[in-house]
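[1] I need the structure of the sequence given here:
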Amino acid sequence: MLSLSTLVEERRSAALLDPELPGPDFDEVKSLVGLAILAPNHKYTFPWRFHVAFGEDRKELGRLFAEEARARDWAAEGTEHREAQKLLRAPVLIFVGMVTDPINPIRRQEDLLACGAAIENLLLLFQERGYDAMWRTGRMTASQAIPAALGYEAGEETVGILYVGRRPATFSPPPRRRPPVDDVISCGLVGARS
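    Predicted coordinates for the structure are as follows:
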């Protein structure tokens, strides 16, 4: 078993997955979600929701998204097929929803951070099990058609979509880009720093 520091160091977003290689089944996803939601959560609001799609469900969600993307001018006419294909890039899709108090900005921030912590836990857990994953956001998280098809609760919003599967054997991710740690850390009060 890999150490946590090794998992963190080696985990990479998998921008390219092979949709033909098997991903985790529902029981495995459920087991890992059970661990992921041990994430910190202020005031025990339990804001996260996980909606899993496999097989033909991905095709239907892709069709719905393509129609919505065209209707909302997110995609140019004639590109609907390309939009629909986006949801077929991995064998498993996990739509992460959040239920929060929309009029309480502090609660919303706390709940959003709790969802992010649960997502990172889940990404590391998939890595530990030998799967690859990519956390995506963007226009698809603003979709109204996808949440309706997945049965979201009233007021639930999508905060991320996880594409889960395995990389093709020929794919190697580009080098990781991060600033030096000295660029992002400080210690002490401004006047006391040397």
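[2] average pLDDT for the helix ranked longest in the chain?
    Longest helix in the chain by number of residues (criterion: DSSP state H): helix 105-128. Averaging pLDDT along helix 105-128 gives 97.
[3] gap between that helix and the chain center?
    9 Å (C-alpha atoms, centre = their mean, to the nearest Å).
[4] in it, what's buried?
    107-108, 110-111, 114-119, 121-128 (16 or more other C-beta atoms under 10 Å). (Glycine included, C-beta is placed from N, CA and C.)
[5] so where's the longest strand in the chain?
    Secondary structure of the chain per DSSP state E: the longest strand is strand 157-165.
[6] what mean pLDDT does that strand have?
    98.
[7] next: stretch 53-70.
    95.
[8] what's the answer for stretch 184-194, then?
    So the average pLDDT for stretch 184-194 ends up being 82.
[9] use 795 as the first number for this chain going forward.
    Understood, numbering begins at 795; the last thing we discussed is stretch 978-988.
[10] elements contacting the longest helix of the chain?
    Contacts defined by 3 or more C-beta pairs under 8 Å, 6 or more residues apart in numbering; DSSP states H and E place helix 899-922 against helix 798-804, helix 820-830, strand 842-848, strand 886-892, strand 926-930, strand 951-959.
[11] need the residues that contact it.
    795-796, 798, 801-802, 804-805, 818, 826-827, 829-837, 839, 841-842, 888, 890, 892-896, 926-927, 929, 953-954, 956, 958 (C-beta atoms under 8 Å, 6 or more residues apart in numbering).
[12] ok, now with 6 Å
    Helix 899-922 has contacts (C-beta atoms under 6 Å, 6 or more residues apart in numbering) with 801, 805, 826, 829-831, 833-836, 839, 841-842, 890, 892, 894-895, 927, 929, 953-954, 958.
[13] same question for stretch 803-818.
    So stretch 803-818 is contacted by 882-886, 921, 926-928, 957-962, 965, 967 (C-beta under 6 Å, 6+ apart).
[14] any chance of the helices and strands packed on helix 899-922 in a markdown table, with distance to residue 871 and mean neighbour count too?
    Converted to a markdown table, the helices and strands packed on helix 899-922 look like this (distance: least, C-beta to C-beta, whole Å; neighbours: other C-beta atoms under 10 Å):
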| stretch | distance to residue 871 | mean neighbour count |
| --- | --- | --- |
| helix 798-804 | 43 | 11 |
| helix 820-830 | 36 | 16 |
| strand 842-848 | 27 | 19 |
| strand 886-892 | 26 | 23 |
| strand 926-930 | 24 | 21 |
| strand 951-959 | 25 | 22 |
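[15] can I get the ones you listed in CSV including distance to residue 867?
    Formatted as CSV, the helices and strands packed on helix 899-922 follow (distance: least, C-beta to C-beta, whole Å):
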stretch, distance to residue 867
helix 798-804, 40
helix 820-830, 34
strand 842-848, 25
strand 886-892, 23
strand 926-930, 20
strand 951-959, 20
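[16] out of those, which gets the lowest mean score?
    helix 798-804 - the lowest mean pLDDT of these, at a mean of 88.
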